[in-house]
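Student: the sequence and its predicted three-dimensional model are supplied below.
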Amino acid sequence: MTYVPRVALVMVIALLFDMLLGDPPNRFHPTAWMGSLIGVLKRFRPYGNRLAEFMYGLFIVCIGCGLAAGAGWMILVLTSSLPAWSGLLIEALLLSLTISLRGLDRAAGEVQTALEKHNLPEGRRLLAWHLVSRETAQLNESQVAAAAIESVAENASDGIIAPLFFFALGGLPAVFAYRFANTADSMLGYRDPEREWLGKIPARFDDVLNFIPARLAGLFIVLSAPFCGASLGRAWNVMWREAHRTASPNAGVPMSAMAGALGVELEKVGHYQLGQGLRFPNTHGLLRARRLLYVSVWMAALVFLLWSRYVRSG
């Protein structure tokens with residue numbers, strides 16, 4: 001079995017595994033193991049010295065990414081002696097653990113169901129539990145729907161399209177290293193007194209790694225719009241005009257594309273407005289965002305497997 005068909009098959013089977021099986025319990029999930037490693041390393045962090053904290057953040061990223069990439073390489077070595085299909089299925093299963101298509105869609109669907117039943121408190125609770133870290137207690141129904149749509153767009157990038165991109169680029173070692181960097185950012189990349197300097201390297205490194213995937217995610221959302229009854233032209237225009245409005249250099253790209261595609265305004269009060277002047281979102285907009293999620297992810301998988309074929313043949 002040659003490299004190129006294997007890449008294609010692994011990505012497709014991994015997506016199918018994720019859609020059928022979803023995420024395993026934390027004790028079996030590599031991201032949870034990475035989080036545990038970060039927690040252990042964090043116990044030995046220095047305090048009171050900005051340079052030492054900064055360098056220790058660099059140490060966590062280097063050690064963690066190295067171990068993650070090494071684990072991916074070791075798995076490939078061990079599975080190389082197995083029958084071709086056995087190794088392929090193991091690789092696909094492990095790749096599926098780095099993506100979250102079903103989990104993201106299910107979380108957004110639960111928020112949608114709560115809002116459709118006019119159970120705003122439950123919608124707020126589910127939004128905070130599954131999708132966002134912001135305070136949700138004062139959000140109205142439209143704001144809850146908007147926050148869920150934003151999360152679908154942003155997580156389509158770093159939770160699905162980025163892992164597929166890095167797998168196409170460098171297989172399991174690359175995608176495991178990416179997932180560790182992303183986990184380190186989610187745990188350490190905050191501007192509070194405890195993590196301000198410790199998290200600078202994890203946060204900036206994650207920004208660098210997601211620079212291309214985020215823009216690809218925005219482009220795939222734009223290109224998927226006509227297949228979901230959404231507007232390609234408006235998606236492109238809003239993304240081009242407003243992607244820079246978020247504090248993150250990457251999150252605003254897929255979110256603004258989604259806002260334009262759906263023709264809705266997405267606002268985090270006090271922080272940004274995307275698609276300003278468009279109508280406020282509702283549960284139907286959230287449903288359409290979930291459809292766009294699936295189409296854009298499968299489009300990304302197709303492009304990445306064609307790209308890997310071109311790179312390998314070149």
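Tutor: Arrived safely. What you are looking at is a predicted structure, and each value in this text was computed from that prediction instead of being measured. Numbering: from 1, shown residues only.
Student: so Pro213 makes contact with Ile160?
Tutor: No: when contacts are counted by C-beta atoms under 8 Å, Pro213 is not listed as touching Ile160 (9.3 Å). Heads up, the C-betas are built off the backbone N, CA and C, glycines and all.
Student: ends of stretch 113-120, how far apart?
Tutor: 10 Å (C-alpha to C-alpha, to the nearest Å).
Student: residues contacting Gly260?
Tutor: Under the criterion of C-beta atoms under 8 Å, 6 or more residues apart in numbering, the neighbours of Gly260 are Val222, Ser231, Arg234, Ala235, Trp236, Asn237, Val238, Met239, Gly275.
Student: again, but for Leu198
Tutor: Contacts of Leu198 (C-beta under 8 Å, 6+ apart): Lys42, Arg45, Glu53, Phe54, Tyr56, Gly57, Leu188.
Student: how about those in TSV, adding secondary structure?
Tutor: Below are these laid out as TSV (DSSP: H, G, I helix; E, B strand; the rest coil):
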residue	secondary structure
Lys42	helix
Arg45	coil
Glu53	helix
Phe54	helix
Tyr56	helix
Gly57	helix
Leu188	helix
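Student: the residues you listed: which two are farthest apart?
Tutor: Lys42 and Phe54 (14.4 Å; C-beta to C-beta).
Student: any chance of the contacts of Gly260 in TSV, plus neighbour count, secondary structure and pLDDT?
Tutor: Formatted as TSV, these follow (neighbours: other C-beta atoms under 10 Å; DSSP: H, G, I helix; E, B strand; the rest coil; pLDDT from 0 to 100):
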residue	neighbour count	secondary structure	pLDDT
Val222	27	helix	96
Ser231	16	coil	90
Arg234	19	helix	96
Ala235	28	helix	96
Trp236	20	helix	97
Asn237	16	helix	96
Val238	28	helix	96
Met239	26	helix	96
Gly275	29	coil	92
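Student: out of the residues you listed, the closest to Lys200 would be?
Tutor: Met239 (28.1 Å).
Student: which helix or strand contains the closest residue to Asn237 other than its chain neighbours?
Tutor: Leaving aside its sequence neighbours, Asn237 sits nearest to Gly260 (C-beta to C-beta, 6 or more residues apart in numbering; 6.2 Å). According to DSSP states H and E, Gly260 maps onto helix 252-262.
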